[in-house]
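In: Structure, please.
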Amino acid sequence: MQRISDPIAFAALRAEWDELLDSSESGIFSSWQWLYPWFCRVGRDRELRILTARDESGKLIGLMPLSLERRRLFGRAVRRLSFLGDARVGSEYLGVVAPRGLEAAVAAQIAASIRADGDWDVLELRDLPEESPTFAVFREAFREPDFGGRTWQRAICPYQSFASSETFERFLRTTSRRDNYLRRRRWLEQQIGYRIERERDPDRLTLPLAEFFRLHSLRWEGDSDGVVGSAVEGFHRDAVQLLAERGQVRFYTLKVGDRALASVYAIVHRRKFIFYQSGYDPQWRQKSVGLVLLGDTFRDCIESGYQEYDFLRGTEPYKLEWATQQRRTMALRVFRIGGVGEWFDRAERAAAAARKFIQGVLPDRWTERIRTRRRREVQGRDHGEDS
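Out: Reported below is the predicted structural model:
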């Protein structure tokens with residue numbers, strides 16, 4: 001078992017990482033193209049702890065992309081070991097990356113290495129697929145009497161799978177949005193200059209990405225949890241370019257004339273279409289430009305032969321109107337009994353309970369003001385780092 005803590009070694013691992021990911025069932029958010037720019041742009045305050053496993057010939061057969069974060073809570077220092085990419089960018093389905101059929105064996109080897117390592121206080125793995133070998137192996141590896149911990153649900157991710165014979169028209173008849181989608185689309189088609197532009201060429205993504213940032217900000221009035229701050233925007237510029245070079249990015253932009261009114265940022269991985277984020281001009285909300293563009297991404301997904309459309313985390317009504325299936329992601333936190341990590345877990349849970357109580361007694365407008373202030377503080381830190 002080798003531990004990579006040097007950013008240069010991380011960069012040099014790209015080709016081997018790509019080959020390993022292609023042989024695995026791991027998702028796109030465990031790719032080098034997603035995690036390397038995340039570390040460079042967002043996770044600069046963390047120390048690399050990428051654990052790798054190799055066979056007798058030296059070939060890479062497994063890795064777990066981790067980082068060490070040093071936190072302070074009530075004046076005490078805590079070392080938190082967690083996934084790369086687990087904050088601020090909505091990564092899902094994280095875990096050990098290993099060839100198909102070897103996931104549990106590699107995860108057990110990595111778990112044993114982490115157990116024997118004493119340079120962490122809390123191991124916190126978020127956004128694991130509920131059925132993943134990583135989740136099952138690590139739950140078993142870190143048990144009493146030496147370790148304590150807990151698990152909890154992180155998110156519900158709506159998705160829709162398709163048979164190979166599916167057509168968009170047949171699928172549309174199964175949704176509650178069919179009539180409204182068709183009516184709004186007919187109206188938009190009558191507007192001069194209406195069109196939906198699709199872009200995947202890595203040399204032509206600058207404009208659609210800029211339009212996405214603008215529309216996303218307009219839609220969420222600058223307060224979205226999806227893309228907040230210059231560091232996160234910089235991450236997406238880098239990640240989009242790297243993913244596009246492997247043919248894995250799609251941007252959809254609905255326009256009337258020269259004006260972009262709605263945007264969808266999507267990622268494709270194997271036979272899955274991943275709806276990552278969207279935005280639209282609120283002045284056109286009543287014309288359902290977001291609905292029409294979303295429907296068009298489903299059309300493109302089905303006609304391109306993808307087997308699944310994944311909305312990622314969140315059960316917003318518009319997602320449930322299009323997708324009937326769901327999967328869960330989980331979080332696992334473990335610590336050594338009697339150590340700083342156990343104190344950290346109790347203290348953080350107490351602080352979370354206090355925040356929940358305060359939010360329960362404060363008017364909604366004050367709760368939202370607090371959330372907005374926190375997001376702006378993040379943006380301010382990003383601008384300070386980039387200056």
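
In: domains of this structure?
Out: Following the assignment in automatic domain parsing, the chain carries domains at 2-154+329-381, 163-306.

In: Now distance to residue 319, mean pLDDT and mean neighbour count too, for those, in TSV please.
Out: For glycine as for every other residue, the C-beta is placed from the backbone atoms N, C-alpha and C. Below are these laid out as TSV (distance: least, C-beta to C-beta, whole Å; pLDDT from 0 to 100; neighbours: other C-beta atoms under 10 Å):
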stretch	distance to residue 319	mean pLDDT	mean neighbour count
domain 2-154+329-381	14	91	17
domain 163-306	8	94	17
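
In: closest to residue 321 out of the ones you listed?
Out: Residue 321 lies closest to domain 163-306 among these, at 5.0 Å (C-beta to C-beta).

In: ends of that closest one, how far apart?
Out: End-to-end span of domain 163-306 (C-alpha to C-alpha, to the nearest Å): 9 Å.

In: that older thread, which one of the domains of the chain lies closest to residue 312?
Out: For the domains of the chain, proximity to residue 312 was assessed by C-beta to C-beta; domain 2-154+329-381 is nearest, at 5.2 Å.

In: Return the distance of the closest one from the chain's centre.
Out: Averaged C-alpha coordinates place domain 2-154+329-381 at 13 Å from its chain's average position (C-alpha atoms, centre = their mean, to the nearest Å).

In: about what we covered before: just put the domains of the chain in CSV and tack on distance to residue 314.
Out: Converted to CSV, the domains of the chain look like this (distance: least, C-beta to C-beta, whole Å):
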stretch, distance to residue 314
domain 2-154+329-381, 9
domain 163-306, 10
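
In: wait, which of these is closest to residue 315?
Out: Nearest of the domains of the chain to residue 315, taken as C-beta to C-beta: domain 2-154+329-381 at 12.0 Å.

In: any chance you could map the helices in the stretch 201-350 of the chain?
Out: Using DSSP state H, counting those that start in this stretch, the helices of the stretch 201-350 of the chain run over residues 206-220, 230-244, 289-303, 317-320, 340-361.

In: Now do the fourth one: distance to the chain's middle.
Out: Translated: helix 317-320. How far helix 317-320 lies from its chain's middle: 18 Å, per C-alpha atoms, centre = their mean.

In: which other helices and strands contact that helix?
Out: helix 289-303 (3 or more C-beta pairs under 8 Å, 6 or more residues apart in numbering; DSSP states H and E).

In: what's the answer for the second one, then?
Out: Identification of packing neighbours for helix 230-244 by 3+ C-beta pairs under 8 Å, 6+ apart yields helix 32-41, helix 206-220, strand 259-269, helix 364-386.

In: who wins for proximity to residue 322 among the domains of the chain?
Out: Closest approach to residue 322 among those is made by domain 163-306 (5.8 Å; C-beta to C-beta).

In: Show the pLDDT at residue 321.
Out: pLDDT recorded at residue 321 is 96.

In: What about it, how many residues nearby?
Out: Using other C-beta atoms under 10 Å, residue 321 has 17 neighbouring residues.

In: ok, now which ones touch it?
Out: Contacts for residue 321 were tallied using C-beta atoms under 8 Å, 6 or more residues apart in numbering; they are 175-177.

In: any idea how far residue 27 is from it?
Out: Distance, residue 321 to residue 27, using C-beta to C-beta, to the nearest Å: 24 Å.

In: Residue 287 against residue 188, yeah?
Out: Yes: contact status for residue 287 versus residue 188: in contact at 6.8 Å, counting by C-beta atoms under 8 Å.

In: hmm, back to that, mind checking which of the domains of the chain is nearest residue 313?
Out: So among these, domain 2-154+329-381 is nearest, using C-beta to C-beta, at 6.1 Å.

In: rewinding a little: mind giving me TSV with the helices of the stretch 201-350 of the chain and columns for distance to residue 327?
Out: Formatted as TSV, the helices of the stretch 201-350 of the chain follow (distance: least, C-beta to C-beta, whole Å):
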stretch	distance to residue 327
helix 206-220	25
helix 230-244	22
helix 289-303	17
helix 317-320	13
helix 340-361	25
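
In: Tell me which of those helices lies nearest to residue 163.
Out: Nearest of the helices of the stretch 201-350 of the chain to residue 163, taken as C-beta to C-beta: helix 289-303 at 10.0 Å.

In: who touches the closest one?
Out: With C-beta under 8 Å, 6+ apart as the test, helix 289-303 has contacts from 162, 166-168, 171-172, 177, 180-181, 184-185, 188, 196, 198, 219, 250, 252, 254, 261-264, 266, 273, 275, 278, 280-281, 309, 318, 322.
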